[in-house]
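> based on what follows, work out the 3D shape:
(one chain, ligands or ions: 3)
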Amino acid sequence: MGEQYSGIGATYDSMTGLMDRMTFFGDVNEYRKRRVQCHIVLVQLSRLMQVNRKYGITVGDQLIRDISMWLAELDEAYQVYRIANSRLMLLGPACSRQQAEACVNRIHSRFGENWQVACEGQEHTVLAKTYLIHLFLDPEDTENDLLDKMNFGITVLEKKGRDGMVFFDEEIKRDMEHQKYVLEEVRYAIDHKTFRMYYQPIYDCKEERFVSAESLIRLWDRQGTFISPGEFIPMAEEHGLIDQISWIVLEKVCRFLGAHPELELQTVSVNLTGQQVSDVTLIDRIETLLADCQLSGSRLRIEITERTVADDFEEVKKTMMRLQEKGIRFYLDDFGTGYSNLSSMFSLPFEVIKFDQSLVRMIDVSRNGRRTISLLAQLMHENDYRIVAEGIETAQQAQTVRETGVDRIQGFYYAKPLPEEELLQLL
Ligand code: C2E
Ligand code: MG
Ligand code: MG
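Ligands and ions are numbered 1, 2, ... in the order given. Next up is the predicted model:
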């Protein structure tokens, strides 16, 4: 094994006795300066909060000490640090991918077992969960690059919703580069207002015409390549950019509607996240915008998904009630994709439930699927909701879905999302 660089002026974490964050980055810097290879394993305790809640903070602290001790004794080739409350780091000399994997696997399998935590005369059996991120140090990486990589690895695992490990190889580097590129393009589009709005008309089965439309954001990068909202909207949510985007969207949609009072659509909907609907400033801001565009709130609809409502249920409910007073109504988007908590959903004032295309596609599969949609439609109608079926692409699907009793249909079969000029022409 190669040289180790710590010890020179090392500082320590008082709780575990491990070297601290400053020493970790100092040591990494030494490797970097000397252009000596090294590798790093991040052990991120992923459910410390739950442990603290269940057993108390003193047990949580003792667990961290026990884990620290175990890691410190794992292999003398590694230096161990605690760089944040639940973040432990191993720094080791150059090795092969196989050796690195062996080390990470050892840690992973230890965390498959319980920890016997002795605290204040009692022993607790605790299962601790971790995210493990492994990378070989790139000498070009700054401290921030390193943390970005670690955080990216953690998000990958968080999305899977379980503990596990990530090896920072070429594939994940490409994913991270791609995310960086998308976020740069999103930031550019925010600063230069280059997003465009498309509108997908929604067909009413009784009136046999288009009665409303959904606004859908569109982004082309500076080279003219299309980036799908399905890709950049979740990234924007994760990186605190969604609020700015939503205001651009709301403003564009309201200005468009204000400029075309002759437009033969009763309403146009915009997609917002629950987080925004729980924002206390939303009501005033929307009111100002509507006045500015000389537009009545009754032409505006807001679509939110269950997933984003759940985080802030009570706040969302309050804002929904107040916006209702201004004539604005709400659609529950993507129904059928989450695990629906029907009773809480029914306690929110939705006007329309949008059946997601994955649900609607059940009609293609079997008669049972068709029956399920019919029964759901019946249930919704009994609770005074109207239903929009999303993602209808063929005449056959349109025919069958109409027979299930849905009120409105949105799908490529009737109309694709269109730019403003084409929407005006179509109508
Ligand atoms: P969503 O709100 O459920 O929007 C419906 C999506 O289904 C749109 O995808 C639409 O183009 C697509 N779609 C409509 N009919 C069909 C069909 O017949 N077949 C198929 N295969 N797809 C159909 P899009 O525009 O790519 O948007 C994807 C998602 O991105 C949206 O799902 C929404 O969650 C989000 N999004 C789009 N625009 C915005 C926006 O302005 N703000 C926010 N916050 N999210 C947006
Ligand atoms: Mg929508
Ligand atoms: Mg939807």
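> strands of the stretch 151-300 of the chain, residue ranges please.
Listed in chain order, the strands of the stretch 151-300 of the chain (DSSP state E, counting those that start in this stretch) span 164-167, 196-204, 209-220, 226-227, 267-271, 300-305.
> close to ligand 3, is the longest one?
Right, the one you point to is strand 209-220. No: applying CB under 5 Å from the ion, one finds strand 209-220 separated from ligand 3 by no less than 8.2 Å. Where C-beta positions appear, they are placed from N, C-alpha and C, glycine not excepted.
> can I get the strands of the stretch 151-300 of the chain in TSV with mean neighbour count, distance to residue 36 and mean pLDDT?
Shown next, in TSV, are the strands of the stretch 151-300 of the chain (neighbours: other CB atoms under 10 Å; distance: least, CB to CB, whole Å; pLDDT from 0 to 100):
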stretch	mean neighbour count	distance to residue 36	mean pLDDT
strand 164-167	18	21	94
strand 196-204	21	50	98
strand 209-220	19	43	97
strand 226-227	12	40	98
strand 267-271	21	50	97
strand 300-305	22	49	94
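> out of those strands, nearest to residue 186?
For those, the distance to residue 186 is smallest for strand 209-220, at 7.1 Å, taking CB to CB.
> now for the residue of the stretch 251-400 of the chain found nearest ligand 1: which residues touch it?
For the stretch 251-400 of the chain, the residue closest to ligand 1 is residue 271, as judged by CB to the nearest ligand atom, at 3.6 Å. Residues near residue 271 by CB atoms under 8 Å, 6 or more residues apart in numbering: 214, 215, 216, 217, 249, 303, 304, 333.
> about what we covered before: now the strands of the stretch 151-300 of the chain in CSV, with distance to residue 258?
Below are those laid out as CSV (distance: least, CB to CB, whole Å):
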stretch, distance to residue 258
strand 164-167, 48
strand 196-204, 14
strand 209-220, 14
strand 226-227, 28
strand 267-271, 11
strand 300-305, 11
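> among the ones you listed, which comes closest to residue 426?
strand 196-204 (6.7 Å).
> residue 144 and ligand 3: what is the separation?
36 Å (CB to the ion, to the nearest Å).
> is that residue in a helix, a strand, or coil?
Following DSSP: H, G, I helix; E, B strand; the rest coil, the label given to residue 144 is helix.
> name the helix or strand for the closest residue to residue 385 other than its chain neighbours, please.
In space, and not counting its chain neighbours, residue 385 is closest to residue 353: 4.8 Å by CB to CB, 6 or more residues apart in numbering. In this assignment (DSSP states H and E), residue 353 forms part of strand 350-355.
> that strand pairs with which strands, and in what direction?
strand 329-335 (parallel), strand 386-390 (parallel) (DSSP bridges).
> TSV for these, including mean pLDDT, mean neighbour count and distance to residue 165?
Shown next, in TSV, are the strands paired with strand 350-355 (pLDDT from 0 to 100; neighbours: other CB atoms under 10 Å; distance: least, CB to CB, whole Å):
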stretch	mean pLDDT	mean neighbour count	distance to residue 165
strand 329-335	94	23	31
strand 386-390	96	23	37
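> looking at those, which is closest to ligand 2?
Closest to ligand 2 of the strands paired with strand 350-355 is strand 329-335 (CB to the ion; 4.2 Å).
> only the buried residues of the very next helix or strand once past that closest one, if you could.
Downstream of strand 329-335, the next assigned helix or strand under DSSP H and E is helix 342-346. Within helix 342-346, the residues scored as buried using 16 or more other CB atoms under 10 Å are 345, 346.
> do you know how far the residue of the stretch 51-200 of the chain found nearest ligand 3 is from ligand 1?
Among the residues of the stretch 51-200 of the chain, residue 200 lies nearest to ligand 3; the distance is 10.5 Å by CB to the ion. Separation of residue 200 from ligand 1 (CB to the nearest ligand atom, to the nearest Å) stands at 6 Å.
> ok, now residue 203?
Residue 203 is 11 Å from ligand 1, by CB to the nearest ligand atom.
> who's in contact with that residue?
Per CB under 8 Å, 6+ apart, neighbours of residue 203: 209, 210, 211, 408, 409, 410, 414, 415.
> nearest residue to it in space, ignoring adjacent ones along the chain?
The shortest distance from residue 203 to any non-neighbouring residue, by CB to CB, 6+ apart, is to residue 414 (4.3 Å).
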